[in-house]
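S.K.: Give the three-dimensional model of this entry:
(4 chains)
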There are 2 protein chains.
Amino acid sequence: MFFHIDTKSNAPLYEQIIQQVKEMCAKGLLIPDERLPSVRELSSHMVINPNTVSKAYQELERQGIIVTVRGRGTFISKETDRTIDPGRLKAIREFLKEAVIENYYAGYSKKELIELLEEVYEEMEGKTDEN
Amino acid sequence: MFFHIDTKSNAPLYEQIIQQVKEMCAKGLLIPDERLPSVRELSSHMVINPNTVSKAYQELERQGIIVTVRGRGTFISKETDRTIDPGRLKAIREFLKEAVIENYYAGYSKKELIELLEEVYEEMEGKTDEN
DNA sequence: GAAAGTGTATTATGGAGATTAGTACACTTT
DNA sequence: AAAGTGTACTAATCTCCATAATACACTTTC
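M.R.: Residues are numbered from 1 along each chain as shown, chains lettered A, B, ... in the order given. Now for the predicted structure:
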């Protein structure tokens, strides 16, 4: 249920938490109404500051991924309103563009990149939307 | 021939330069042996510090994208050794994974994501490897 | 050879963001 | 009442980004 931090990564700790929660949701490893570790619990387990965990949770709530209830805890949103963020499409294109550029330098073809994309989808274990 | 900086972006200036050079190479807008603006020229044109441009160029050379010649200038590599970086594949997978996750929250299907990838490829104007 | 233009190296400085630390508050459950 | 929840606040530290100013080694041009 907990997360891992990559000290070699240059990504901030709170962003790593955000990324992993979203990934687990997309994979179906976290389901609606499921409870996340409390701020203090997670921070002591990861040996990081509670503020850092709180910052991650607050951003996740801003994105509509989770819901926090005072005194009770934080939970995965019932129906993640899948269209909240208008900049989402732009972000997707950006990620794809970077993938294409790196793919160019790796010497792979477009076909191979698509196959790689299929692979990544497989790893998501079909828990996301099928087809 | 010059680059544009996005002040709204949180990406460092030197990374924006790197990204744009690589993108233009992949698009075929920069060809082997073509000369890049000199450090001083580019820095004064972009109104940024020469050191920042230099940092970008040095990282590009480390990746094998460009070659610098003392007293002459910096040029696009003849044959970009397309396999230099072993971490390249991992990077591609990471970009794809992030795209898939955001795609999930955008409510798009796998088919739609692949179509989006095709679109991004189109925008590269077929200057990269065909098929 | 002198001048102008190239990339590079060095040191110092300021600013922004990430993270930690400590404390306090409001709420809910038991 | 006690323990556990998220939250708010201030302060300090650290790292990275970017700037500034200067100097050096090299190449091309005149």
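
S.K.: Distance of the residue of chain A most remote from its centre relative to B:E118?
M.R.: Ranked by distance from the centre of chain A (CA atoms, centre = their mean), the top residue is A:G107, with 28.7 Å. Using CB to CB, to the nearest Å, one obtains 20 Å as the distance from A:G107 to B:E118. C-beta: built from backbone N, CA, C; applies to glycine.

S.K.: who touches A:T68 in this structure?
M.R.: Listed by CB atoms under 8 Å, 6 or more residues apart in numbering or on different chains, the contact partners of A:T68 are A:Y57, A:E61, A:T74, A:F75.

S.K.: Identify each buried residue in the helix or strand hosting the last one, please.
M.R.: It stands for A:F75. Of the helices and strands defined by DSSP states H and E, A:F75 is found in strand A:73-76. Neighbour-count burial for strand A:73-76, with 16 or more other CB atoms under 10 Å in any protein chain shown as criterion, is recorded at A:T74, A:F75, A:I76.

S.K.: packing partners for that strand?
M.R.: strand A:66-69 (3 or more CB pairs under 8 Å, 6 or more residues apart in numbering or on different chains; DSSP states H and E).

S.K.: Now do the strand it packs on, average pLDDT.
M.R.: Across strand A:66-69, pLDDT averages out at 96.

S.K.: Let me know whether it sits next to DNA strand D.
M.R.: Yes - on the criterion CB under 7 Å from any atom of the strand, strand A:66-69 is in touch with DNA strand D at A:T68, A:V69.

S.K.: Contact partners for A:D6?
M.R.: Contact criterion CB under 8 Å, 6+ apart gives A:Q16 as the residues in contact with A:D6.

S.K.: Next, give phi and psi for it.
M.R.: Its backbone dihedrals place A:D6 at phi -100, psi 100, with angles given as degrees, to the nearest 10.

S.K.: Distance of it relative to B:F95?
M.R.: Remark: distance between A:D6 and B:F95 (CB to CB) = 16 Å.

S.K.: ok, now A:K110?
M.R.: Per CB to CB, A:K110 is found 15 Å from B:F95.

S.K.: same thing with A:V53?
M.R.: Look at A:V53 and B:F95: by CB to CB, they are 26 Å apart.

S.K.: Among those two, which residue is more densely surrounded?
M.R.: Between A:V53 and B:F95, counted using other CB atoms under 10 Å in any protein chain shown, A:V53 has the larger neighbour count: 26 against 21.

S.K.: Output the helix or strand containing that one as PDB, nothing but the C-alphas.
M.R.: According to DSSP H and E, A:V53 maps onto helix A:50-62. What follows is helix A:50-62 as a C-alpha-only set of coordinates in PDB (Å, rounded to 0.1, in the frame of the first residue of the first chain):
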ATOM      1  CA  PRO A  50       4.500  15.300   7.000                       C
ATOM      2  CA  ASN A  51       4.200  18.600   5.200                       C
ATOM      3  CA  THR A  52       5.600  16.900   2.000                       C
ATOM      4  CA  VAL A  53       2.900  14.200   2.200                       C
ATOM      5  CA  SER A  54       0.300  16.800   2.800                       C
ATOM      6  CA  LYS A  55       1.400  18.800  -0.200                       C
ATOM      7  CA  ALA A  56       1.000  15.800  -2.400                       C
ATOM      8  CA  TYR A  57      -2.400  14.900  -1.000                       C
ATOM      9  CA  GLN A  58      -3.600  18.500  -1.500                       C
ATOM     10  CA  GLU A  59      -2.500  18.500  -5.100                       C
ATOM     11  CA  LEU A  60      -4.200  15.100  -5.700                       C
ATOM     12  CA  GLU A  61      -7.400  16.600  -4.200                       C
ATOM     13  CA  ARG A  62      -7.100  19.600  -6.500                       C
END
